[in-house]
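Visitor: Structure of the sequence below:
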Amino acid sequence: MVCVLVIAKNKTGEQKSQRTQSVKFQITFKNQMKKLHKLNSPKFSLSWSVELAHGNGAFLYKADYTLYNFFFKNRNALSNSFIFFFGDHGARFGNEARTDFGYSEQNNPFLYVVTPKRLRNTKIMEQLQQNSKELITHHDLHATLKDILYIQPTSNFTEVEFKIFDKNLRGSSLLRRFQAGKRRNCKTLPIPLQFCICQYKKRNVTDEALKQTLGQFAVKQLALFLEKQNATSRCEEIKLHEVTAKQYLSTEMNNVNNRTNFFEVIFVVAAPAKGMFQIPIRREQGQLDLIGALFTRLDWYGKSGDCMEDDVLRRYCTCRNGTA
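Guide: Numbering: from 1, shown residues only. Below you'll find the predicted structure:
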């Protein structure tokens, strides 16, 4: 029997006390594991927990004892299990996010993998350790779960040869060799520039006219996004209050004739709307275009967008009085 236990981030947005969430986490999994490990068939369990430290990094360690106690008490039940700890992104607001290290961690979420005890001195483990030094994506994690479920059991978890898991080759199993001859970077993997963790050099944009042009374009696109979602009647008007911008200097991104440039733009909307946002913008032959699929919210928005039923829209909308 192989159990896959995934502990990750919750997107429910429910407000719970830290203590209540920790106790529920402990009791729920304790009861589940007592029942499940007795059944001789594969299991998959997922805890998507966020409220503990999503809004405040100071609470990050509050669940340490609860987690330790759970794994210690269930160590025998989990000895034949794959365990994945991961997040979808790092802190995007708060004091930590304002540091250089915190900024780089925003798109570099934590991933920790524990293998079944019997596999810890095998080629599978060696390959996993080797792959941990490479750039990986959540697509690779998805391929790994498929490998554990469908492929590896047929060989008793001994295969380490590269294998294609989908026709688009978006992900590769972490238990196998990666594709030979393929460099793993943001160009060759399905990682948009908006979420790329490569450390490209950037310089501050000091041209005030250019900054204003980039900022006005960004707020216009955000307003258009809300308009397309039929949300403008319930949201405060989006106008520019403040903008900063940096230009990417990498020759891999800017073409030789300098007709194409890439910028990282951070802007604050004007009151009564609220929000600090980030978006990459491309300028090609004088025309501006958004690179990112979504605007990244960089400050805490609390309940200001609760008039929106869609979780995605809540971060972009400041509800008008009487609409929340």
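Visitor: I'd like to know the average pLDDT value across stretch 260-274.
Guide: Averaged across stretch 260-274, the pLDDT comes to 95.
Visitor: in it, what counts as buried?
Guide: Neighbour-count burial for stretch 260-274 flags 261-269, 273-274 (criterion: 16 or more other CB atoms under 10 Å). Where C-beta positions appear, they are placed from N, C-alpha and C, glycine not excepted.
Visitor: same deal with stretch 311-318?
Guide: Within stretch 311-318, the residues scored as buried using 16+ other CB under 10 Å are 313-318.
Visitor: Residue 305: which of those is nearest?
Guide: Nearest to residue 305 among those is residue 314, at 3.5 Å by CB to CB.
Visitor: Quick check: closest non-adjacent residue to that closest one.
Guide: Nearest residue to residue 314, sequence neighbours excluded (CB to CB, 6 or more residues apart in numbering): residue 305, at 3.5 Å.
Visitor: can you pull the contacts of the one you found?
Guide: Neighbouring residues of residue 305 by CB atoms under 8 Å, 6 or more residues apart in numbering: 235, 313-319.
Visitor: And these, which is closest to residue 58?
Guide: residue 315 (22.0 Å).
Visitor: can you count the residues close to the residue lying closest to the closest one once chain neighbours are set aside?
Guide: Among residues not flanking residue 315 along the chain, residue 297 sits closest, at 4.3 Å (CB to CB, 6+ apart). For residue 297, the neighbour count with other CB atoms under 10 Å is 17.
Visitor: and what of residue 112?
Guide: For residue 112, the neighbour count with other CB under 10 Å is 10.
Visitor: ok, now residue 103?
Guide: As a burial measure, residue 103 scores 15 neighbours (other CB under 10 Å).
Visitor: Give the closest residue to it in space, chain neighbours not counted.
Guide: In space, and not counting its chain neighbours, residue 103 is closest to residue 97: 6.7 Å by CB to CB, 6+ apart.
Visitor: okay but that neighbour is in contact with residue 299, surely?
Guide: No - Residue 97 lies out of contact with residue 299 (CB atoms under 8 Å); the separation is 9.5 Å.
Visitor: mind listing what's buried in stretch 122-134?
Guide: Neighbour-count burial for stretch 122-134 flags 124-125, 127-128, 131 (criterion: 16+ other CB under 10 Å).
Visitor: related to what we said a few turns ago, can you tell me which of the buried residues of stretch 260-274 lies nearest to residue 107?
Guide: Ranked by distance to residue 107 (CB to CB), the buried residues of stretch 260-274 are led by residue 264 at 12.0 Å.
Visitor: Relative to residue 77, how far out is residue 306?
Guide: Distance, residue 306 to residue 77, using CB to CB, to the nearest Å: 40 Å.
Visitor: ditto for residue 261
Guide: For residue 261 relative to residue 77 (CB to CB), the value is 55 Å.
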